[in-house]
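# what would the 3D arrangement of this be:
(2 chains)
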Amino acid sequence: MSTEELLKEQAEYKYGFVTDIETDAIPKGLSEETIRIISEKKNEPSFLLEFRLKAYAKFLEMQEPNWANLRHPPIDYQDIRYYSAPKKKQSLSSLEEVDPEILKTFERLGIPLDEQKRLTNVAVDVVFDSVSLGTTFQKTLKEAGVVLCPISEAVHEYPELVEKYLGSVVPIGDNYFAALNSAVFSDGSFVYIPKGVRCPIELSTYFRINDKQSGQFERTLIIAEEDSFVSYLEGCTAPAFDNNQLHAAVVELIALDRAEIKYATVQNWYSGNPETGLGGIYNFVTKRGRCQGYRSKITWSQVEAGAAITWKYPSCILQGDESIGEFYSVALTNGLMQADTGTKMVHLGKNTRSTIISKGISADRSHNTYRGLVKMAPRAERARNYTQCDSMLVGNRCSANTFPYIEVANETSRVEHEASTSKMSEEQLFYLQTRGISREDAINMIVSGFCKDVIRVLPLEFAVEAQKLLTLKLENSVG
Amino acid sequence: MLEIKELHVAIDGKPILKGLTLTVHKGEVHAIMGPNGAGKSTLAKVLAGDPSYEILSGEILFEGQNILELTPEERSHLGLFMSFQYPVEIPGITNFQFLHAAKNARLKAQGKPLHSEEVFDAILDEKMVEIDVRREFKARDLNEGFSGGEKKRNEILQMAVLEPKLAILDETDSGLDIDAMRIVSRGVNCLTHAENALILITHYQRLLDYIRPGFVHVVIDGRIVQSGGPELALELEEKGYDWLVKE
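Numbering: from 1, shown residues only, chains lettered A, B, ... in the order given. Okay, the predicted model is just below:
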């Protein structure tokens, strides 16, 4: 397998620089000592060390969750290296050094040449362009007063904001993986949109990670002050590889009065060998937004197409009266992938509204589960939710499950739930083909028809690529 | 236009067509009749290129070209069209999008300029009037929630848009009431002329009251056992198929 070769290459590369690792990294294993070293190495203020230690204490009391519809061998948390200085990705001198399989995928996805080079970390010839692009970008943000920086930097530059909001949406003891992340998080993004500011550009991790590995315990914090707006894009459609198998990220969003946050994700982590399931990322993510202010709004949109295991429930706490939460999701599983994903909409304020549109596509021998909670608190008068949950099966060896939980504690709120299951069949493809449409276009048509309510809300630059990605992933599965 | 020579076809190892031979010239209308399970629908699907069938031996020549190695879309681009007995439903894609994509795929294969949405919309409107299909068909999802009659009418609309050289209608009459059948047949009659050809697969004589075939063939057990003119259909209506089976 070419992908394995690539991983092997990366591993070999690592061994080639053993001395570097020994000086930059701490030994494997998790303990209070580990956490103190991490905090010290990052020169963190005391509040953050306390935050980490409290989280670690919680973590020790907790059990790995077993309620999800997922199976995997036990994870050895002592076999993980919790700190190494941010490393540069392996730098290549030309695209010829990149695995041809990956290049083929890039080509199919229509990713421009310069972008391909950036993703595979080939030094870009026309450096001038990319540098000036990044500079213009930072200048535009600065003029608008928007802050976008690594969270490790924000800890020093904006300590009062970090102290106030970090862990305010996802408490340190929220769940096992969030506790672990809170104890050992490496780095991530910090975004601050001041009062009344409409962020002039879509913020993308593109401009931040560049040649650095994003890290296995990522932490993101986005704060939108009153009357502000921001759209944030995470990930890309290109296949992503990592030697670390466990990924446990935490993302927290805070929207104050009349603020709006849109958070879009395209996830295409390596999903392991499709026959044996070996390798592949375990993606255990806690994403939650708090619509704290009156008429605030948070929209999650995601295309989850990779990772061996996805455990992820981007949620909204609708605290402010008349606040709005939205969740649009496409989760595709093939090979031996497993996904247990969905959302939680917790209605606390009056006249709050939420919409959930979930599309699950499962192919080959994969398992795809939607799990969602809609909760109407006693005070959430006249709150409304609409949920639509559709599954599409490709082939007859996969499975799809839906677990909608509904808790209603007042009489004036309204909850609607619709669900369907369909099958992409050889007959559908044949039908379209007999009308002159190619097999690839036929798959594309069926998938985009199925997912159109989600694709429509994605930022434009994601939408086209995401659709191609879904088609590409399914091409070998139909039959 | 079409020559089928000694065609043997199996599905899941089970032989269905056992040496079927048929020749169709342009301008002709052929009816293929026969009892259930004789292989009529198999013939239609094999012509269209359904990959679930296995071709054991024989040839299918379309305008002199062997099409057995071609994909369904390539056959469509050559001018072959099959109307499905059970058209499939595809949610999320409107009829308009689908027809536009199909038409443009054909134009592209022919190396002709593609139709913009506006241009295609005008063409589609014309076709819809011609074969009496309601305008709301355009915005509805492809066959989704269509009644049996609506699906069949939608097949005829697709045929009108794609303008095939050879159309195979697989039991287009089944499940239709008299009114629907009259509308469908009127559509079909509009679309047949001296330059193209039509194969009708049917159980019943009644469709043939509306579309007059020049040739009638009876398929039994994977072979054509009897061929004749329109009068053969009447004879079958009267006597059934048993007298042919016994031979």
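
# quick one: pLDDT of residue A:2?
Per-residue confidence (pLDDT) for residue A:2: 47.

# give me the number of residues near residue 28?
Unless you meant another one, I'm taking chain A. 13 (other C-beta atoms under 10 Å in any protein chain shown). Every C-beta, even on glycine, is put in place using the N, C-alpha and C of the backbone.

# um, chain B though
Other residues lying near residue B:28 total 19 when counted by other C-beta under 10 Å.

# quick check, it in contact with residue B:197.
Yes. At 5.2 Å, residue B:28 counts as touching residue B:197 under the criterion of C-beta atoms under 8 Å.

# could you find the closest non-adjacent residue to residue B:23?
Closest residue to residue B:23 apart from its sequence neighbours, by C-beta to C-beta, 6 or more residues apart in numbering or on different chains: residue B:3 at 5.2 Å.

# may I see the buried residues of the helix or strand hosting the one you found?
Counting by DSSP states H and E, the element that carries residue B:3 is strand B:2-11. For strand B:2-11, burial by neighbour count (16 or more other C-beta atoms under 10 Å in any protein chain shown) applies to B:2, B:3, B:4, B:7, B:8, B:9, B:10.

# now stretch B:93-110
Of the residues in stretch B:93-110, B:93-107 count as buried by neighbour count, 16+ other C-beta under 10 Å.

# likewise stretch B:117-127?
Neighbour-count burial for stretch B:117-127 flags B:120, B:124, B:127 (criterion: 16+ other C-beta under 10 Å).

# check whether that stretch comes into contact with chain A.
No. Stretch B:117-127 stays clear of chain A (C-beta under 8 Å from any C-beta of the partner chain), getting no nearer than 14.1 Å.

# gap between that stretch and the chain center?
Averaging C-alpha positions (C-alpha atoms, centre = their mean, to the nearest Å) puts stretch B:117-127 23 Å from its chain's average.

# state the mean pLDDT of that stretch.
Per-residue pLDDT values across stretch B:117-127 average out to 93.

# so of the buried residues of stretch B:117-127, which ones are in helices?
Under the assignment DSSP state H, the buried residues of stretch B:117-127 contribute B:120, B:124, B:127 to helices.

# ok, the first one - contacts?
Residue B:120 makes contact with B:99, B:100, B:103, B:104 under the criterion C-beta atoms under 8 Å, 6 or more residues apart in numbering or on different chains.

# low-scoring pLDDT stretches of the chain, where are they?
Picked chain A for this. A:1-25, A:85-93, A:98-99, A:101-102, A:105-106, A:109-136, A:205-215, A:236-243, A:479 (pLDDT under 70).

# switch to chain B, please.
Looking at chain B by pLDDT under 70, you get B:246-247.

# what does chain A put close to chain B?
Residues of chain A found near chain B (C-beta under 8 Å from any C-beta) are A:422, A:425-428, A:430-439, A:441, A:445-446, A:448-452.

# in strands, which of those residues appear?
Judged by DSSP state E, strands contain the following of the residues of chain A next to chain B: residue A:422.

# give the ChimeraX command for selecting the buried subset of the residues of chain A next to chain B.
Typed into ChimeraX, the line below selects the buried ones among the residues of chain A next to chain B, using 16+ other C-beta under 10 Å:
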select /A:422,425,428,430,431,432,433,434,435,436,437,438,439,441,445,446,448,449,450,451
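
# up against chain A, what does chain B have?
Residues of chain B lying close to chain A by C-beta under 8 Å from any C-beta are B:48-52, B:71-73, B:75-77, B:81-82, B:84, B:87-88, B:90-93, B:97-98, B:101-102, B:105-106, B:109, B:141, B:158, B:162.

# please name the nearest non-neighbouring residue to the residue of chain B found nearest chain A.
Of all residues in chain B, residue B:92 sits closest to chain A, with a separation of 2.4 Å (C-beta to the nearest C-beta). Excluding the flanking residues, the one nearest residue B:92 by C-beta to C-beta, 6+ apart is residue A:449, at 2.4 Å.

# thinking that neighbour is in contact with residue B:93, fair?
Yes. Judged on C-beta under 8 Å, residue A:449 makes contact with residue B:93 at a distance of 4.2 Å.

# which residues sit against stretch A:154-172?
A:42-45, A:47-48, A:51, A:54-55, A:58, A:147, A:149, A:151, A:178-179, A:182-183, A:190, A:192, A:219, A:221, A:223, A:250, A:252-254, A:286, A:288-290, A:317.

# now the residues you listed: which count as buried?
Buried by 16+ other C-beta under 10 Å: A:42, A:44, A:48, A:51, A:54-55, A:58, A:147, A:149, A:151, A:178-179, A:182-183, A:190, A:192, A:219, A:221, A:223, A:250, A:252-254, A:286, A:288-290, A:317, out of the contacts of stretch A:154-172.

# okay, and which of those map to strands?
Counted as lying in strands by DSSP E, out of those, are A:147, A:149, A:190, A:192, A:219, A:221, A:223, A:250, A:252-254, A:286, A:288-290, A:317.

# can you add distance to residue A:398 and give the ones in helices among the buried residues of stretch B:117-127 back as a markdown table?
Output for these, formatted as a markdown table (distance: C-beta to C-beta, whole Å):
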| residue | distance to residue A:398 |
| --- | --- |
| B:120 | 37 |
| B:124 | 37 |
| B:127 | 40 |
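
# Throw the contacts of residue B:120 into CSV and include secondary structure, thanks.
Listed next are the contacts of residue B:120 as CSV, based on DSSP: H, G, I helix; E, B strand; the rest coil:
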residue, secondary structure
B:99, helix
B:100, helix
B:103, helix
B:104, helix
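
# hmm, back to that, check contacts around the residue of chain B closest to chain A.
Residue B:92 neighbours (C-beta under 8 Å, 6+ apart): A:446, A:448, A:449, A:450, A:451, A:452, B:141.

# could I get those as JSON lines with distance to residue A:324?
Below are the contacts of residue B:92 laid out as JSON lines (distance: C-beta to C-beta, whole Å):
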{"residue": "A:446", "distance to residue A:324": "31"}
{"residue": "A:448", "distance to residue A:324": "26"}
{"residue": "A:449", "distance to residue A:324": "27"}
{"residue": "A:450", "distance to residue A:324": "25"}
{"residue": "A:451", "distance to residue A:324": "22"}
{"residue": "A:452", "distance to residue A:324": "21"}
{"residue": "B:141", "distance to residue A:324": "28"}
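
# for the closest residue to chain B within the stretch 351-479 of chain A, which residues are in contact?
With C-beta to the nearest C-beta, the shortest gap between the stretch 351-479 of chain A and chain B falls at residue A:449, namely 2.4 Å. Residues in contact with residue A:449, defined by C-beta under 8 Å, 6+ apart, are B:90, B:91, B:92, B:93, B:141.

# ok, now with 10 Å
Residues near residue A:449 by C-beta atoms under 10 Å, 6 or more residues apart in numbering or on different chains: A:392, A:455, B:90, B:91, B:92, B:93, B:94, B:97, B:98, B:141, B:142, B:144.
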